[in-house]
Each structure stands twice: as structure tokens, then as C-alpha cells.
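Novice: test case, fold it:
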Amino acid sequence: MKNSSHPGRIARVLRWLVAANVYIVGAAVFVVPPTASAQSEAHDAGPAEQVAAGNYDYNGDGLDDVVARRDATGNLEVWPGDGTGGFGTKYIVGGGWGVMNLIETAGDLNNDGNADIIAREASTGRLWFYPGNGTTFNSRSSIGLGWGVMSAIVSGHDYTGNGNVDIIATEAGTGTLWLYPGAGTGNTFAKRIQIGSSFHLVEELTAVGDMNEDGHADVVGVRLADECMYFYAGPATGQFAPPLLFDCGWDVMESAAAVGDFDGDGHADWLGREPDHNLLYLFKGDGTGRYSSSPVIDFGWNSMTIA
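Specialist: Numbers count the residues shown, from 1 in each chain. Just a heads-up that it's a prediction; the model follows:
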């Protein structure tokens with residue numbers, strides 16, 4: 001994200017004061033990789049998304065959590081949610097994560113009931129699958145090489161309707177948005193499908209889940225042209241619906257991240273960080289593709305990479 005600006009500050013103040021009442025409508029874009037090879041290593045591959053918010057429970061207590069890397073140490077931490085929009089006591093699940101240049105929550109990629117993550121190794125471009133076990137993670141397995149060409153990789157939800165969690169990725173050089181249909185194993189995917197273009201004009205691509213609760217998983221992203229966030233309704237017919245602008249002021253925000261139903265109200269939520277003031281916000285989804293409020297829930301997260 002860019003540095004703080006006057007328009008961004010105004011938008012932030014409006015968010016503090018009247019977020020429950022301010023919604024805007026407009027347009028935006030996403031990216032898909034062409035033939036530049038992001039490949040999974042065993043690609044063989046319905047129903048719509050069954051849980052609107054997805055699976056973000058990493059400690060097995062039935063509540064959605066946040067996973068983040070502490071950049072100074074390379075330690076990966078789980079920050080347990082308390083079910084009301086706050087945190088319990090964090091714990092470390094492993095070290096050595098500084099070699100990754102992308103860490104992303106992935107829902108239940110292997111259909112074993114536990115939340116998983118994916119991560120890209122900076123030196124090789126290899127994408128790894130880390131299966132959750134309800135407390136930490138089991139041994140990783142490779143999804144494939146070639147993922148270094150992607151500027152965004154997100155997961156955690158079923159976008160094809162086959163009951164398995166998928167991966168969506170933006171190819172940096174072409175702006176192509178690719179869908180990799182999951183096979184339910186965690187590390188194998190069917191042949192990728194192009195589902196969008198010009199997504200190099202969008203940042204903060206986030207797989208938030210079924211935000212408007214129509215049975216299809218959605219995404220949000222920030223358009224570079226105006227630094228506003230747009231809602232893309234799920235690809236019920238293979239493509240996302242035309243984008244709707246619903247929040248501005250993201251020139252002073254960064255690190256959008258899906259967190260499931262973090263406040264326990266039954267709707268999908270997401271996080272955003274304001275680096276100038278080192279604040280972490282919770283955007284409380286309202287089930288209509290927008291959000292009801294965005295309270296500050298913590299501070300000191302500038303030193304973290306949020307999965």
C-alpha cells in the first residue's frame with residue numbers, strides 16, 4: 001500500500017464514525033496467469049460453499065483464528081480468536097518461515113476437518129501445502145514449482161462447486177486470474193481455468209468466503225486506480241460478477257486477510273492493517289457483501305506478515 005494521504009485519512013475518519021452507514025458502488029479488476037507455468041505436481045481433479053466463512057480454526061476450539069509470521073524471528077504464530085472479535089493467548093507453531101515470501105490461509109484443503117495453510121518458498125518459487133492437525137501442522141508436501149510468477153495466491157474456499165477448496169492466483173506479467181480446482185487432497189489440482197483478466201490492476205486480493213451468503217464464495221480486492229476496495233460476487237457461472245465498490249481509503253491500509261467469522265455473528269469477516277499507526281482493524285461482514293463496522297482490535301502488527 002502507499003503512504004498515508006489526505007483522502008485516505010478522510011476515508012479512515014469516515015470509517016471510524018459512520019462505517020455502518022457508508023457503502024459505495026463502482027467497479028474494479030483482477031489478474032490471471034497465462035501460460036507461464038504455475039504447476040501442481042499431480043493434477044487430477046458441485047455443490048456450492050457450505051459454510052459462508054470457511055474454516056480458520058487452527059487450534060481446534062471451534063473458533064476462527066489468525067495465523068501470522070513474526071518477521072524478525074521467522075516464527076509462525078497462531079493467534080486464537082475468542083469468538084467475539086478479540087484474541088486469546090498466541091503460541092508459536094514453528095520457526096524458519098522467513099524463507100517464505102507468501103503465507104496464506106487455505107481452509108480445509110485436504111478435507112480432513114482441519115484448517116491448513118499454503119506457503120511459497122522465495123528461492124525456488126515452489127508452493128507448499130501444510131496440513132493442519134488442530135493444534136499445529138503436519139509434514140508439508142509440494143503443490144508444485146513455477147508459482148513465483150504469481151503476484152497473489154489465495155485459497156480457503158470452494159469456487160467450482162465440487163465440494164473441495166480451490167486456489168486462485170494472479171499472474172503478475174499478464175494480469176490473468178487463474179482458478180486451480182482442488183481435488184480434496186491438499187496438493188493436487190485439476191487443470192487450471194482462466195476466470196479473469198487485468199487483475200494486475202488490483203492488489204490485496206482476498207478470498208473472504210461467501211460474503212453475500214448466496215451460496216458462492218467471493219473475493220475482494222483494492223483497485224490501484226482509486227485505492228478503493230471492491231466486492232466480486234462468486235463465480236456461479238465460471239466468472240466473478242461485475243465488481244462493486246464498497247470501501248475507500250485503502251491508500252493508508254494494507255495486509256487484507258480473511259479470518260472467517262471472527263466475531264461470531266455468522267458472517268464472513270476480514271482484517272486490514274493501518275501501518276502509519278500500527279493498528280489492526282476487523283472488518284465485520286454483514287452478509288450482504290459489505291461490512292457493518294471496522295473496529296480496531298489490536299496494535300503492533302507492523303512486525304507481522306498476516307497469512
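Novice: who does the helix or strand in which residue 305 is found touch, helix- and strand-wise?
Specialist: Under the criterion of DSSP states H and E, residue 305 resides in strand 304-306. Counting contacts by 3 or more CB pairs under 8 Å, 6 or more residues apart in numbering; DSSP states H and E, strand 304-306 is packed against strand 66-70, strand 254-260. No exception for glycine: its C-beta is placed from N, CA and C like everyone else's.
Novice: could you redo the last one with a cut-off of 6 Å?
Specialist: Judged by 3 or more CB pairs under 6 Å, 6 or more residues apart in numbering; DSSP states H and E, strand 304-306 is in contact with strand 66-70.
Novice: just checking, next helix/strand downstream of the strand it packs on?
Specialist: Per DSSP H and E, the first helix or strand lying C-terminal to strand 66-70 is strand 75-79.
Novice: that next one pairs with which strands?
Specialist: Strand 75-79 has the following strand partners under DSSP bridges: strand 66-70 (antiparallel), strand 91-94 (antiparallel).
Novice: which stretches of the stretch 51-200 of the chain aren't confidently modelled?
Specialist: By pLDDT under 70, the low-scoring segments of the stretch 51-200 of the chain are 51-52.
Novice: so which strand or helix has the spatially most central residue of the chain?
Specialist: Ranked by distance to the mean C-alpha position of the chain (CA atoms, centre = their mean), the top residue is residue 206 at 3.6 Å. Assigned by DSSP H and E, residue 206 belongs to strand 202-209.
Novice: so how far is that strand from its chain's centroid?
Specialist: A distance of 5 Å separates the centroid of the chain from that of strand 202-209, by CA atoms, centre = their mean, to the nearest Å.
Novice: now swap in stretch 221-241 and tell me
Specialist: Centre to centre, stretch against its chain (CA atoms, centre = their mean), the figure for stretch 221-241 is 13 Å.
Novice: can you dump the C-alpha atoms of that stretch in CSV for me?
Specialist: Taking Å, rounded to 0.1, in the frame of the first residue of the first chain, the C-alpha atoms of stretch 221-241 are listed here in CSV:
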residue,chain,number,x,y,z
GLY,A,221,-9.6,-6.6,-3.9
VAL,A,222,-8.3,-3.0,-4.0
ARG,A,223,-8.1,-1.2,-7.3
LEU,A,224,-4.8,0.6,-7.8
ALA,A,225,-6.5,3.5,-9.7
ASP,A,226,-8.5,4.7,-6.7
GLU,A,227,-7.3,2.6,-3.7
CYS,A,228,-10.8,1.5,-3.0
MET,A,229,-11.9,-2.0,-2.2
TYR,A,230,-14.3,-3.8,-4.4
PHE,A,231,-16.5,-6.9,-3.9
TYR,A,232,-16.5,-9.6,-6.5
ALA,A,233,-19.5,-12.0,-6.1
GLY,A,234,-18.6,-15.7,-6.6
PRO,A,235,-18.2,-17.3,-10.0
ALA,A,236,-21.5,-19.2,-10.1
THR,A,237,-21.1,-19.4,-13.9
GLY,A,238,-17.3,-19.6,-14.1
GLN,A,239,-16.7,-15.9,-13.8
PHE,A,240,-17.0,-13.3,-11.0
ALA,A,241,-19.9,-10.9,-11.2
